[in-house]
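S.K.: my questions concern the predicted model and sequence given below.
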Amino acid sequence: MKFTKENLPNNLTIARIFAIPVFLLIIVLGGHSQTWQIVAAVLFAVASATDWLDGYLARKWHIVSNFGKFADPLADKMLVMAAFIMLVPLDLAPAWVIAVIVCRELAVTGLRLLLVEQGGVVMAAALPGKIKTFTQMLSIIFLLLGLNLIGTIFLYICLVATIYSGYDYFAKNMSVFKDAD
């Protein structure tokens, strides 16, 4: 794929996906080293920034694509879930919190698939979901930077936003579970 204005948003999404194994490698090789965690935090922050940038550019330039609609949210979830999972063995986040977050992400992804399958409806991110994503990213960055108090505060804000946004998405879309007559 060439690097042109028309496919820059998709290239940013692809770059975010390719950043995931690099991020994981840094965490695995660096372990509990604060220096390597800072490197991982910077990489995660840059990759997270592409989440905002690719969407902004696609909307601004009117080049929203089916690939982008599919890959952008997938890349976001893959990046965030990989990072959260890696926080557990580093003792930076409790496993139960990460389990709740991962389960919500999988459940909402399933809901999105059902909505598309049953009526071609693409469920856009609502404000609670955007708050969830923002606090997820901040908590990961702060925890990796060793700013444990603020990172933990954001982690629990993220947990509440995760639960609420999951409830919100399901409450607004319960019709997808009704059997057709």
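M.R.: Yes, it's here.
S.K.: quick one: the strands in this protein, in order.
M.R.: For the chain, no strands are identified by DSSP state E.
S.K.: quick one, helices of it?
M.R.: Using DSSP state H, the helices assigned to the chain run over residues 8-30, 34-60, 66-87, 95-119, 127-144, 148-172.
S.K.: what about the protein, any weak spots by pLDDT?
M.R.: Within the chain, the ranges that satisfy pLDDT under 70 run 1-3, 5, 180-181.
S.K.: switch to 80 and redo it
M.R.: 1-6, 66, 69, 119-125, 179-181 (pLDDT under 80).
S.K.: hang on, the earlier thing: ranking the helices of the chain by burial, who's on top?
M.R.: Mean neighbour count (mean count of other Cβ atoms under 10 Å) peaks for helix 127-144 among these, with a mean of 21. Where you see a C-beta, it was placed from the backbone N, CA and C, and this is true even at glycine.
S.K.: hmm, L43 is touching I20, no?
M.R.: No: distance between L43 and I20: 9.7 Å, which falls outside the contact criterion (Cβ atoms under 8 Å).
S.K.: once you drop chain neighbours, what's closest to D51?
M.R.: D76 (5.3 Å; Cβ to Cβ, 6 or more residues apart in numbering).
S.K.: go ahead and confirm the one you found touches A49.
M.R.: No: assessed by Cβ under 8 Å, D76 is found out of contact with A49, at 11.8 Å.
S.K.: among the helices of the chain, which is nearest D179?
M.R.: When the helices of the chain are compared for distance to D179 using Cβ to Cβ, the nearest one is helix 95-119, at 11.1 Å.
S.K.: got the angle between the closest one and helix 66-87?
M.R.: On the basis of axes from the mean of the first three to the mean of the last three Cα atoms, to 10 degrees, helix 95-119 is oriented at 160 degrees to helix 66-87.
S.K.: how far does helix 95-119 sit from its chain's centre?
M.R.: 12 Å (Cα atoms, centre = their mean, to the nearest Å).
S.K.: what angle do it and helix 148-172 make?
M.R.: 30 degrees.
S.K.: what residues does helix 95-119 touch?
M.R.: Helix 95-119 has contacts (Cβ atoms under 8 Å, 6 or more residues apart in numbering) with 73, 77, 80-81, 84-85, 87-88, 121-123, 129, 136, 155-156, 158-159, 162-163, 165-166, 169-170, 173, 176-177.
S.K.: let's see it at 7 Å
M.R.: Contacts to helix 95-119, defined as Cβ atoms under 7 Å, 6 or more residues apart in numbering, come from residues 77, 81, 84-85, 87-88, 121-123, 155, 159, 162-163, 166, 169-170, 173, 176.
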